[in-house]
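**Q** this is a predicted model, with the sequence first.
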Amino acid sequence: MADCGEPDGPGNKDDITRSKNEGKELTKEEKQRLRKQKKHQKKQKERKNEKGPSETEKDKTPVSLLPPPQPVATQKAPSALPAPASAPIPVPASAPFHSSPAPSPADKPAKSKAELKAERRARQETDRAAKQPGSSSSGIKTKVPLSELNPVVKRLPEHVQVDDPAVVKRLAKKLERQQIPLRSDYGYKVSLFSHLHQYSRKAPLTQLLSIPSTVIHPSIVRLGLQYSQGIVAGSNARSVALLHAFKQVIRDYTTPPNEELSRDLVNKLKPYISFLNQCRPLSASMGNAIKYIKKEISNIPSQCKEEEAKTKLLTCIDRYIEEKIVLAAKAISKYAIEKISDGDVILVYGYSSLVNNILCEAFEKSRKFRVIVVDSRPRLEGREALRRLVQRGISCTYVLISALSYILPEVSKVFLGAHALLANGYVMSRVGTSQIALVARTYNVPVLVCCETYKFCERVQTDSFVSNELDDPDDLMVTRKGKTQLENWQDVSSLGLLNLVYDVTPPDFVDLVITDLGMIPCTSVPVVLRVKNLDQ
Amino acid sequence: MPGADKEADLTERIEAFLADLKRGGCGTGPIRGSGETARETTALLRKVTAQARWSSAGDLMEIIRKEGRRMTAAQPSETTVGNMVLRVLKIIREEYARSRGSSEETDQQESLHKLLTSGGLSDENFRQHYVHLKANVIEAINELLTELEGTTDNIAMQALEHIHSNEVIMTVGRSRTVEAFLKDAARKRKFHVIVAECAPFCQGHEMATNLSKASIETTVIADAAIFAVMSRVNKVIIGTQTVLANGGLRAVNGTHTVALAARHHSTPLIVCAPMFKLSPQVVITTVVRNRIILSKVNVHCPVFDYVPPELITLFISNIGGNAPSYIYRLMSELYHPEDHDL
């Protein structure tokens, strides 16, 4: 975002002044401003702690008049103007009592600037007063936590509102604007899941695109096809592929004249993300990666040259992959290997790149163990894991998930991978994981989940219905003894096939989560999220 | 000689039956359902009674025991065969006791006292010859056959007592009893059935197609999704291969997981099993097929699962509904304790 704010004014108030002077705001800038206000308030807190409390009685009166308009002002910028109307009245009275270096509003020629400055100062006063230990007004106290928590209305993602025709129409309009074809649902959907999309693999979105596509970069088209056909699967693989595709996009990008790179590139990425979402709903890890990229792009200063900016972005992305995925995997392996002892019988489910990594490294460090690979229809991803482990020389056993009760008495530990870790401690992973955790808990076998921190997400969920992914129902068909029982399932009106992709495991089934930050219990996920947010 | 012909015919039929049993085990499940197996076994035993040469009840019991041992050895996992043999042995004992006269009360173990103190009727050797014993035994076996033919209908008649409207019912794999049960309820009530497909044989698919043809809303799910959807299920209704003496089950692969998931969500687990599946065994040996496909990989494919009685809520059989804790008592009515080891 280009910063064309006022050159003068005290240093740390620049942010608010600048953002106020943008005029009628866009949603993104509004959000930026809220973020900056929060930062500003935090800095105010720190400054307050350095100085002693310098309040007087007069400070309290203007402060008590202000709470009603203040919460409105922090949340909605367009209504900023009514607030200063009340502010100038008490502020001039207390201006001589302030140690604030800002000139009094009456000296400034531009009235709007004066009003805004007054409001800003009024807010400073409120904050200072609120931070005092002797602050009496309860209205202030309730105001402060409100602004700290920064209430933003969370909008429900479209892909879990398929049963709402208004949402579907809105999405269709948005896609039309971005010139991306809309993918249509396939087959009879089970009534419990009518709020989710169900696509067929035989009808990829790329068939509806014109070639060559002018709107979507070819590497993104290829990526979308790889996602929808299941060629690239697994949350780490998908995120890395996404980041590499974005790198290619950035390399091929040229800023159009009269546009800023930081704003235009983000707008260019929006249709790509919609397209990928249509091909296959984005995973939590991909969502976090996209958020990171957008933040990096918007933080590019306007005076940066294009080549410089592009190299900077490319190095950022490389560093992200290196830190969050590669190095995280190494750290997790280091912690996990401590948990593997000689003579262990380890159970793994499906194919998790992280868990495979751990087992291969442990084997290289000469731990003696054997592995039981549990697999399930229709994806049968366990075969890939089996192949890789056997290639390394690890002795393996292979069973289907229905044989779990039979094989569990032999098992000493269960290692599971995760697709995402939710903020209420639930583990979202491949369907079947919760079953394994349940039966393992019955047999008192410890369950360890391995997950990098970039997969932590702020959503909360308690069951596998409200937010999930429905895969192609035709995958469930199978031919046994030359007969395919479900061949014409479409013709039978009362028959439905359900091919779920994910499920959520309650935290009481999981004993330990191994992350790159260490080994934590499942319920500490929101703590990690908070630490991460403060860092950013 | 007509006698010799009959004997040859009899042995031929027994051999054919044994061959069928042996073959049924190595494919993807038995060729015929357990109901049919039970009926065939009983019919065969009736023939043995009619055509074999015996003079006293003891002889007959020896012959039947011998044949029974051969039949169970042919296919150990098919327990209905053994169960029918035990039923017939009990019938013979009863008929013998009735022919002998009034002392049947002391012979029968009606009371708990008798159960504990009578260590077996060792003084009874079944050597006496009674004229009408053969006819009586054959008549009793005919009654048994009639009972067997009506088991599925008897169970299905109870369906409306257990299924209410708009329910979501989960079932696993394919069971003819459960299919009849659900179809009977569907005549009057509307409900939804979720079928777990039960890999690798995927018999759930056939069950789903049959149910959907009866206009029942059916959904097929993969085994991995059982726990995920269990929170929306109101009841789990399953069939089983055998009911064990302690009230536990020996059921198709994957049933134990379903039972655990149902217990976690406090969903009732109902087992529809006719009485001929009740077996006096308690210890089971799982039938497993092992194959080594790569040089360092073992593949396990167990056919059956053991489900402990604590996970089961109700047994529905042709004689009504029972709790698992009552199964041992029913067993004492059907089989004689001396026969428990064939």
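**A** That came through fine.
**Q** can you list the low-confidence ranges for the chain?
**A** I went with chain A, as the question did not name one. Filtered on pLDDT under 70, chain A yields the residue ranges A:1-28, A:49-112, A:129-155, A:211-213, A:535-536.
**Q** that answer is for a different chain, and I need it for chain B
**A** In the predicted model of chain B, residues B:1-4, B:24-32, B:102-124, B:283-296, B:342 satisfy pLDDT under 70.
**Q** all helices of it, in order?
**A** Along chain B, the stretches classed as helices by DSSP state H are B:2-26, B:34-51, B:57-74, B:79-100, B:104-107, B:112-117, B:133-157, B:176-186, B:203-213, B:226-230, B:255-264, B:327-334.
**Q** just say which of these is most tucked in.
**A** Highest mean neighbour count among the helices of chain B (mean count of other C-beta atoms under 10 Å in any protein chain shown): helix B:226-230, with a mean of 27. Bear in mind the C-beta positions are built from the backbone N, C-alpha and C, glycine included.
**Q** so the nearest residue to A:Val411 once chain neighbours are set aside, which state does it fall into?
**A** Leaving out its chain neighbours, the residue that sits closest to A:Val411 by C-beta to C-beta, 6 or more residues apart in numbering or on different chains is A:Leu347, at 4.5 Å. The three-state label given to A:Leu347 by DSSP: H, G, I helix; E, B strand; the rest coil is strand.
**Q** burial measure for A:Leu347, as a count.
**A** 24 (other C-beta atoms under 10 Å in any protein chain shown).
**Q** and for A:Thr214?
**A** 6.
**Q** excluding chain neighbours, what is closest to it?
**A** Closest residue in space to A:Thr214, ignoring its immediate chain neighbours: A:Gln179 at 7.8 Å, by C-beta to C-beta, 6+ apart.
**Q** now the one you found: how far from chain B?
**A** 37 Å (C-beta to the nearest C-beta, to the nearest Å).
**Q** how about the secondary structure of that residue?
**A** Recorded secondary structure, A:Gln179: coil (three-state DSSP).
**Q** now it: phi and psi?
**A** phi 60, psi 40 (degrees, to the nearest 10).
**Q** which ones are touching the residue nearest to A:Val411?
**A** Residues in contact with A:Leu347 (C-beta atoms under 8 Å, 6 or more residues apart in numbering or on different chains) are A:371-372, A:374, A:407-408, A:411, A:413-415, A:436, A:440, A:445.
**Q** restricted to helices, list the residues you listed.
**A** Counting by DSSP H, the part of these found in helices is A:407, A:436, A:440.
**Q** between these, which sits nearest chain B?
**A** When those are ranked by distance to chain B (C-beta to the nearest C-beta), A:Ile407 comes first, at 6.3 Å.
**Q** how about the residues of the stretch 101-250 of chain B by chain A?
**A** Residues of the stretch 101-250 of chain B found near chain A (C-beta under 8 Å from any C-beta of the partner chain) are B:192, B:194, B:197-202, B:205-206, B:208-209, B:212-213, B:215-229, B:231-232.
**Q** recalculate using a threshold of 7 Å.
**A** Residues of the stretch 101-250 of chain B that fall close to chain A, judged by C-beta under 7 Å from any C-beta of the partner chain: B:197-202, B:205-206, B:208-209, B:212, B:215-228, B:231-232.
**Q** residue contacts, the residue in the stretch 51-200 of chain B that chain A sits nearest to?
**A** Residue nearest to chain A within the stretch 51-200 of chain B: B:Ala199 (4.8 Å; C-beta to the nearest C-beta). By C-beta atoms under 7 Å, 6 or more residues apart in numbering or on different chains, the residues touching B:Ala199 are A:377, A:400, A:402, B:223.
**Q** what about 6 Å?
**A** Going by C-beta atoms under 6 Å, 6 or more residues apart in numbering or on different chains, B:Ala199 touches A:377, A:400, B:223.
**Q** what do you get for B:Ser165?
**A** Counting by C-beta under 6 Å, 6+ apart, B:Ser165 touches B:189-190.
**Q** how about the residues of chain A by chain B?
**A** Residues of chain A lying close to chain B by C-beta under 6 Å from any C-beta of the partner chain are A:190, A:376-377, A:390, A:395-406, A:431-432, A:434-435, A:438-439, A:442, A:463-464, A:476, A:478, A:480, A:485-486, A:492, A:494-498, A:500, A:503.
**Q** make a PyMOL selection of the buried ones in those.
**A** Buried residues among these (16 or more other C-beta atoms under 10 Å in any protein chain shown), as a PyMOL selection:
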select buried, chain A and resi 190+376+377+390+396+397+398+399+400+401+402+403+404+405+406+431+432+434+435+438+439+442+463+464+476+478+485+486+492+494+495+496+497+498+500+503
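**Q** go through the residues of chain A next to chain B and flag which are in helices.
**A** Among the residues of chain A next to chain B, the ones falling in helices (DSSP H) are A:390, A:404-406, A:434-435, A:438-439, A:442.
**Q** can you get me a residue count around the residue nearest to A:Thr214?
**A** When neighbours are counted by other C-beta under 10 Å, A:Gln179 registers 14.
**Q** what segments of the stretch 201-350 of chain A are strands?
**A** A:344-349 (DSSP state E, counting those that start in this stretch).
**Q** in space, what's closest to the most centrally placed residue in chain A - neighbours in sequence excluded?
**A** The residue lying closest to the centre of chain A (C-alpha atoms, centre = their mean) is A:Asn288, at 3.8 Å. Counting by C-beta to C-beta, 6+ apart, A:Asn288 lies nearest to A:Tyr454, which is 5.3 Å off, once chain neighbours are set aside.
**Q** in contact with the one you found, which residues?
**A** By C-beta under 6 Å, 6+ apart, the contact set of A:Tyr454 is A:285, A:288, A:324.
**Q** hang on, it in a helix?
**A** Yes - with three-state DSSP as the criterion, A:Tyr454 is assigned to a helix.
**Q** distance of it from A:Met286?
**A** Remark: distance between A:Tyr454 and A:Met286 (C-beta to C-beta, to the nearest Å) = 10 Å.
**Q** same deal with A:Ile337?
**A** To A:Met286, A:Ile337 is 29 Å away according to C-beta to C-beta.
**Q** those two: who's more crowded?
**A** Neighbour count, other C-beta under 10 Å: between A:Ile337 and A:Met286, A:Met286 has more, with 22 against 17.
**Q** the more buried one contacts A:Ala241, doesn't it?
**A** No - A:Met286 is beyond contact range of A:Ala241, at 9.4 Å (criterion: C-beta atoms under 6 Å).
**Q** find the nearest non-adjacent residue to residue 174, please.
**A** Assuming you mean chain A. The shortest distance from A:Lys174 to any non-neighbouring residue, by C-beta to C-beta, 6+ apart, is to A:Ser274 (7.1 Å).
**Q** I was thinking of chain B, sorry if that wasn't clear
**A** Among residues not flanking B:Arg174 along the chain, B:Gln203 sits closest, at 3.8 Å (C-beta to C-beta, 6+ apart).
**Q** do the same with A:Arg392
**A** Counting by C-beta to C-beta, 6+ apart, A:Cys360 is the residue found nearest to A:Arg392 once chain neighbours are left out, at 5.4 Å.
**Q** any idea how far A:Asn267 lies from chain B?
**A** As judged by C-beta to the nearest C-beta, A:Asn267 and chain B stand 38 Å apart.
**Q** count residues in the vicinity of that residue, would you?
**A** Neighbour count of A:Asn267, defined by other C-beta under 10 Å: 9.
**Q** mind listing what it touches?
**A** By C-beta under 6 Å, 6+ apart, the contact set of A:Asn267 is empty.
**Q** can I get the CA coordinates of the helix or strand A:Arg387 falls within in PDB?
**A** Secondary structure assigned from DSSP states H and E places A:Arg387 in helix A:382-392. Extracted in PDB, the C-alpha atoms of helix A:382-392 (Å, rounded to 0.1, in the frame of the first residue of the first chain):
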ATOM      1  CA  GLY A 382      -0.400 -46.600   2.500                       C
ATOM      2  CA  ARG A 383       1.100 -48.500  -0.400                       C
ATOM      3  CA  GLU A 384       3.300 -45.500  -1.300                       C
ATOM      4  CA  ALA A 385       4.500 -45.300   2.300                       C
ATOM      5  CA  LEU A 386       5.100 -49.100   2.300                       C
ATOM      6  CA  ARG A 387       7.100 -48.900  -0.900                       C
ATOM      7  CA  ARG A 388       9.300 -46.100   0.500                       C
ATOM      8  CA  LEU A 389       9.900 -47.800   3.800                       C
ATOM      9  CA  VAL A 390      10.700 -51.100   2.300                       C
ATOM     10  CA  GLN A 391      13.200 -49.500  -0.100                       C
ATOM     11  CA  ARG A 392      15.100 -48.200   2.900                       C
END
